[in-house]
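Enquirer: build me a model from this:
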Amino acid sequence: MENQGKKRPEIKGKLLGSLDRKKMEVVIGVIIILAMVLLYLSTFSGNGEKNESPAVDSSSQEAAVYNYLDEEDRLRNILSRISGVGEVQVMITYAGGSELVPAYNSDSSVQSSEETSVSGTTRTTRNESESKNPVTQQDGTVLLSEKRPEVVGVIIVAQGAQNVEVRMALIKAAQTALNVPLNKVEVFEMN
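Expert: Predicted coordinates:
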């Protein structure tokens, strides 16, 4: 038993003696690099994607992004139900895309100070500051609304468009559905 007690300090001394200062620096450097790599990897989830909130709430993103094709389909569907129209094709052109409007937290502060000099003159200093930051939740930015893009033109091609009453009904329906003036709607007969 006494031999084992003496061997432990000898083994410890040999290990420490064999690791000179240069080797110790290398070991510490490797440990630091490993810690940095682990920190970097911890910012990624298991599937390789970063753990960051998306710019837009993913649950409302599908509803928030303006769907141009849905509007054309809805208009085509309703126009085809008008008496005498028959088959219909619709094309809507827009000026740009939709605009998503995020909610903001705004903070403003006003600081004023008044200094009076020995001669009796008064100097007033006023500092105003305002900051706006988008409101975010765990799964993204909170959206207040979505601004629909402006409709610049509507083309309707219909089988029954040779009939003036049908043509006028198509124009009136498109104007009402899209809130556009008469000059932005054109109706043509389908061949």
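
Enquirer: quick one: distance of the lengthiest helix in the chain to the chain centre.
Expert: Longest helix in the chain, counting residues (DSSP state H): helix 21-42. Computed by C-alpha atoms, centre = their mean, to the nearest Å, the chain-centroid distance of helix 21-42 equals 37 Å.

Enquirer: kindly export that helix (C-alpha atoms) in CSV.
Expert: Output in CSV follows, covering the C-alpha atoms of helix 21-42 (Å, rounded to 0.1, in the frame of the first residue of the first chain):
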residue,chain,number,x,y,z
ARG,A,21,5.3,25.0,-21.4
LYS,A,22,5.2,24.8,-25.2
LYS,A,23,3.0,21.7,-25.2
MET,A,24,0.7,23.2,-22.5
GLU,A,25,0.1,26.3,-24.8
VAL,A,26,-0.8,24.0,-27.7
VAL,A,27,-3.3,22.0,-25.5
ILE,A,28,-4.9,25.2,-24.2
GLY,A,29,-5.1,26.6,-27.8
VAL,A,30,-6.8,23.4,-29.0
ILE,A,31,-9.3,23.6,-26.1
ILE,A,32,-10.1,27.2,-27.0
ILE,A,33,-10.6,26.3,-30.6
LEU,A,34,-12.9,23.4,-29.7
ALA,A,35,-14.9,25.8,-27.5
MET,A,36,-15.3,28.3,-30.3
VAL,A,37,-16.4,25.5,-32.7
LEU,A,38,-18.9,24.2,-30.2
LEU,A,39,-20.3,27.8,-29.7
TYR,A,40,-20.5,28.2,-33.5
LEU,A,41,-22.3,24.9,-34.0
SER,A,42,-24.7,25.6,-31.1
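
Enquirer: for it, packing partners?
Expert: Contact partners of helix 21-42 among helices and strands, from 3 or more C-beta pairs under 8 Å, 6 or more residues apart in numbering; DSSP states H and E: none. Bear in mind the C-beta positions are built from the backbone N, C-alpha and C, glycine included.

Enquirer: helices of the protein, start to end?
Expert: Using DSSP H, the helices of the chain run over 2-18, 21-42, 58-64, 68-80, 164-178.

Enquirer: lowest-confidence stretch among the ones you listed?
Expert: Ranked by mean pLDDT, the helices of the chain end with helix 58-64 at the bottom, a mean of 44.

Enquirer: which residues touch stretch 167-184?
Expert: For stretch 167-184, the external contacting residues (C-beta atoms under 8 Å, 6 or more residues apart in numbering) are 71, 74-75, 78-79, 82-83, 85, 88, 90, 92, 151-154, 156, 158, 161, 185, 187.

Enquirer: residues of stretch 175-191 that come out buried?
Expert: 177, 180, 184-185, 187 (16 or more other C-beta atoms under 10 Å).

Enquirer: next: stretch 162-177.
Expert: Buried, per 16+ other C-beta under 10 Å, within stretch 162-177: 163, 166-167, 169-171, 173-174, 177.
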